[in-house]
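K.L.:
Got a sequence here, can you build the structure:
(one chain, ligands or ions: 1)
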Amino acid sequence: MPDKKIIAVVGATGAQGGGLVRAILGDRDSEFAVRAITRDVNSDKAKALAAAGAEVVAADVDDEASLTRAFQGAYGAYCVTFFWDHYSPDKEGAEAGNMARAAKAAGLKHVIWSTLEDVRDFVPLSDDRMPTLMGQYKVPHFDAKGEADQIFTDLGVPTTFLVTSFYWDNFIGFGMGPARGADGKLAITLPIGDAKLPGIAAEDIGRSAYGIFKKGPALIGKRVGIAGEHLSGNEMAAAFANLLGEEVRYNAVDPSVYRSFGFPGADDLGNMFQFKRDFEDDFRSVRPVDETRALNPSLQSFSDWLRANRERIPLPA
Ligand SMILES: NC(=O)c1ccc[n+]([C@@H]2O[C@H](COP(=O)([O-])OP(=O)(O)OC[C@H]3O[C@@H](n4cnc5c(N)ncnc54)[C@H](OP(=O)(O)O)[C@@H]3O)[C@@H](O)[C@H]2O)c1
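P.N.:
Take a look at the predicted model:
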């Protein structure tokens, strides 16, 4: 479709980028076409994207020249990094820089950068309410993204800063789902006290990004926060109980306890949840659900998402 505007999608075989690819390809009348970026054009996922109608090209976010080639001739790009693949905020910052410079070199008209807060703007390194990690971060996977915003701005890349939320999919893939305690009761464990947590179905991030591309220039230079619903631990536990037909409790632990759980990234996530708890108003106010729904009319609530994913959430033995 040579008359369609091409959106180059980083992470096209993953959660955020995949949602955007499916949103564009699912809209037969879209003004946009998809260029899916992958490291391996021969993978099953890449072949499936090609079969679904995407142009599939190879590039790596660690290789700026490959990104510049992949962005060439496109109208826009969706830019995302993959912290949990390497746990390195420095690498994440370098990758964001590669994407921003490639976007500039290719002369893109609209870029969406998938970002989060730099928690150090709220909790300076000198504030010992939470430990400083890796010598210079409070929440490494947030801080690196927030710090990278400036690269897009300084280069003059026409960027919308998409401020994402906690994926409810973490309850399936990240080991955060209901688990049975020593008492035999099901519980979800989170260190957020009574705070409400903005969450979203991962698929809805890409759908919301599609809404941003459709709105176009009006959202360039803007920060757009998104969420499907803001829910307390008790409310999420109640929704699980309703789905599973069994009592599910909310086990509120202190962030220091969560940090000590010992799995890779537990300290980063413990600090993250503490930030969301201690700065609940700031954190929630930039993620309005109504405005997200205006961008993405099919936005799912937590209960919608649970029902749609019932098969993926087995009742723990
Ligand atoms: N989990 C949450 O609650 C949450 C919330 C907000 C933000 N985030 C952020 O979301 C980001 C991850 O996004 P996601 O969930 O969409 O990722 P994902 O589902 O893990 O997708 C990763 C995809 O990106 C591609 N990829 C990986 N490394 C690459 C590289 N070096 N160059 C080019 N492509 C590469 C891979 O595709 P190929 O193998 O095909 O190349 C893979 O399919 C993280 O930075 C995380 O901090 C997560």
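
K.L.:
so who does the nearest residue to Val163 once chain neighbours are set aside touch?
P.N.:
Using CB to CB, 6 or more residues apart in numbering and skipping residues adjacent in sequence, the residue nearest Val163 is Gly225, 3.9 Å away. The way it works is simple: take the backbone N, C-alpha and C, and place the C-beta from them, glycine included. The neighbours of Gly225, taking CB atoms under 8 Å, 6 or more residues apart in numbering as the test, are Val163, Ser165, Val286, Arg287, Pro288, Thr292.

K.L.:
wouldn't the second one be in contact with Gly199 here?
P.N.:
Yes - with contact defined as CB atoms under 8 Å, Ser165 counts as touching Gly199 (5.6 Å).

K.L.:
Put the buried members of the contacts of Gly225 into a ChimeraX selection.
P.N.:
In ChimeraX, a selection of the buried entries from those looks like this (16 or more other CB atoms under 10 Å):
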select :163,165,287,288,292
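
K.L.:
Show only the entries of the contacts of Gly225 found in strands.
P.N.:
Val163 (DSSP state E).

K.L.:
can you list the contacts of Gly225 in a markdown table and add distance to the ligand and pLDDT?
P.N.:
Output for the contacts of Gly225, formatted as a markdown table (distance: CB to the nearest ligand atom, whole Å; pLDDT from 0 to 100):
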| residue | distance to the ligand | pLDDT |
| --- | --- | --- |
| Val163 | 9 | 99 |
| Ser165 | 6 | 98 |
| Val286 | 13 | 98 |
| Arg287 | 11 | 98 |
| Pro288 | 17 | 98 |
| Thr292 | 14 | 98 |
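
K.L.:
Looking at the contacts of Gly225, spot the one nearest Gly18.
P.N.:
Using CB to CB, Ser165 comes nearest to Gly18 of these, at 17.0 Å.

K.L.:
Ala36: how many residues sit nearby?
P.N.:
Other residues near Ala36 come to 29 when the count uses other CB atoms under 10 Å.

K.L.:
overlap in contacts of Ser165 and Gly199?
P.N.:
What both Ser165 and Gly199 touch, as defined by CB under 8 Å, 6+ apart, is the set Ala227, Gly228.

K.L.:
lowest confidence element among the helices and strands of this protein?
P.N.:
Every helix and strand in the chain was compared by mean pLDDT, DSSP states H and E; the lowest is helix 170-173, with a mean of 91.

K.L.:
so who does the nearest residue to Asp254 once chain neighbours are set aside touch?
P.N.:
Nearest residue to Asp254 in three dimensions, chain neighbours excluded: Pro191, at 6.1 Å (CB to CB, 6+ apart). Contacts for Pro191 were tallied using CB under 8 Å, 6+ apart; they are Ala252, Val253, Asp254, Pro255, Val257, Tyr258, Gly270, Phe273, Gln274, Arg277.

K.L.:
So which bits of the stretch 101-250 of the chain are right by the ligand?
P.N.:
By CB under 6 Å from any ligand atom, the residues of the stretch 101-250 of the chain that approach the ligand are His141, Thr164, Phe166, Tyr167, Asn170.
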